[in-house]
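Asker: Got a predicted structure plus its sequence, pasted below:
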Amino acid sequence: MRIALYQPEIAGNVGAVLRLAACFGCAVDLIEPMGFAWDDKRVRRAAMDYIDHVEVIRHSDWPSFRAARPGRLALLTTRGTVSLYDASFAADDILLMGKESAGVPLEIAGQCALALRIPIRREVRSLNLATAAALALGEALRQTKKFPLVQ
């Protein structure tokens, strides 16, 4: 299971996703350009010392990402047609999150096997990116029985 962030704009969100991924043994792909410098102190502050426990791969652009990661994409989007909780996940899925301000372009959305939405109240627009990633990763790991073993 992997989380891919398409052109993330907020360093704190990336840090929170890195911490999430470290806790659950999930790798993270960052698809550039990003809206901040990679050495931004806000990334490390949000990730804390967990950043040393997660595999992070940076890709210079979408084609580079797809060349390195040809697996099935599950896009989390407010325009999703299937509820996150009605989807069937595989252990090698890539959970794709779009940029905070605009999601992913239509041509990228069209390359995704799944367009998933998280059911929320109509009166609100969306969840924070890191919160949405946590919900999606939790459901995917639950379904695939890939939660880390507690000792």
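Answerer: Cool, the structure landed.

Asker: Now do the same contact list for the closest residue to residue 53 other than its chain neighbours.
Answerer: Ranked by C-beta to C-beta, 6 or more residues apart in numbering and with sequence neighbours excluded, the top spatial neighbour of residue 53 is residue 22, at 4.1 Å. In short, each C-beta sits where N, CA and C put it, glycine included. Shown in contact with residue 22 (C-beta atoms under 8 Å, 6 or more residues apart in numbering): 47, 50-51, 53-54.

Asker: Tell me the most packed of these, by neighbour count.
Answerer: Counting neighbours by other C-beta atoms under 10 Å, the top entry in the contacts of residue 22 is residue 47, with 24 neighbours.

Asker: How about residues contacting the lowest-mean-pLDDT helix or strand in the chain?
Answerer: Least confident helix or strand of the chain, by mean pLDDT, DSSP states H and E, is helix 41-47 with a mean of 73. Identification of contacts with helix 41-47 by C-beta under 8 Å, 6+ apart yields 11-16, 18-19, 22, 36, 51, 54.

Asker: next one: it to chain centre, how far?
Answerer: With C-alpha atoms, centre = their mean, to the nearest Å as the basis, helix 41-47 stands 17 Å off its chain's centre.

Asker: Pretty sure the residue nearest to residue 53 sits in a helix.
Answerer: Yes - membership of residue 22 in a helix is supported by DSSP: H, G, I helix; E, B strand; the rest coil.

Asker: Would you verify that residue 116 is located in a strand?
Answerer: Yes - when classified by three-state DSSP, residue 116 is found to be part of a strand.

Asker: Would you agree it is in contact with residue 89?
Answerer: No - the criterion here is C-beta atoms under 8 Å, and residue 116 misses it with residue 89 at 9.7 Å.
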